[in-house]
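Q: Okay, structure incoming, though there's no sequence with it:
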């Protein structure tokens, strides 16, 4: 696929499990980060990054991953309206109803690593690339699992979409980076993400290989076996060629 950042393997750990050796934590550097920043450190720098709730400095991620809670949804709606994310509170509620979140206490640590270097078996795989590369991943996935790979977009919370959706729904998703991942996580204009349960990776690889053999490939082939129409000026010049 010629992707230019590392595919990611992500796993949640319980209280009795430790991070593998050489895992870097934001607290080691005296900072807190957003989950999308941790993903960027892993996929661009090749680091294995470990997070607990104490390492996460992104308020939406704290809610999405169950680190903190609110008394009802009104405070969240108030936040969305203050950010001008929605025209009406009803519109905000419709989006909130689509959110996938982790329950409080359901995990103690989050391990994010380049897939090929991961010291742990991942639960979720997240791969970033351009739309053409993501299309190939979707095509490979569908070969084995059928259906369609859907994409849902909202104004933020893309880290929860990338990580929690595959866990909750047991299927792959395409994710357009939200505002936070663009600004804080430094996701680029051309990038989007493909995420899936790690348990389905063998099917994805088999599908990529089979569809590649059948001619569905990346880079996309350009069909050039045709005779182009000449512009009148070109034809006029050709008519003046000496025999």
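A: Alright, I've got the coordinates. Everything quoted here is computed from the prediction, not taken from an experiment.
Q: least trustworthy helix or strand in this protein by mean pLDDT?
A: The weakest-scoring helix or strand in the chain, judged by mean pLDDT, DSSP states H and E, is helix 179-183 (a mean of 91).
Q: nearest spatial neighbour of the spatially most central residue of the chain, skipping sequence neighbours?
A: When CA atoms, centre = their mean is applied to the chain, the residue found nearest the centroid is residue 193 (3.0 Å). In this structure, residue 193 finds its nearest non-sequential neighbour in residue 175, 4.4 Å apart by CB to CB, 6 or more residues apart in numbering. C-beta coordinates here come from the backbone N, C-alpha and C atoms, glycine included.
Q: Ramachandran coordinates for the one you found?
A: Note on residue 175: backbone dihedrals following degrees, to the nearest 10 are phi -130, psi 120.
Q: For residue 191, see how far away it is.
A: Counting by CB to CB, to the nearest Å, the gap from residue 175 to residue 191 is 10 Å.
Q: So which of those two has more stuff around it?
A: Taking other CB atoms under 10 Å, residue 175 and residue 191 do not tie; residue 175 has more neighbours (25 against 22).
Q: which ones are touching that one?
A: The neighbourhood of residue 175, defined by CB atoms under 8 Å, 6 or more residues apart in numbering, consists of 151-153, 158, 161-162, 165, 192-195.
Q: which intervals of the protein have sub-threshold pLDDT?
A: In the predicted model, the chain carries no residue with pLDDT under 70.
Q: quick one: the helices in it?
A: 35-45, 59-64, 74-82, 89-96, 131-145, 158-169, 179-183, 201-213, 232-239 (DSSP state H).
Q: which strands and helices sit next to the shortest one?
A: Read that as helix 179-183. In terms of contacts (3 or more CB pairs under 8 Å, 6 or more residues apart in numbering; DSSP states H and E), helix 179-183 is packed against helix 158-169.
Q: what's the helix it packs on packed up against?
A: Using 3+ CB pairs under 8 Å, 6+ apart, helix 158-169 sits against helix 35-45, helix 59-64, strand 124-129, strand 173-175, helix 179-183, strand 192-197.
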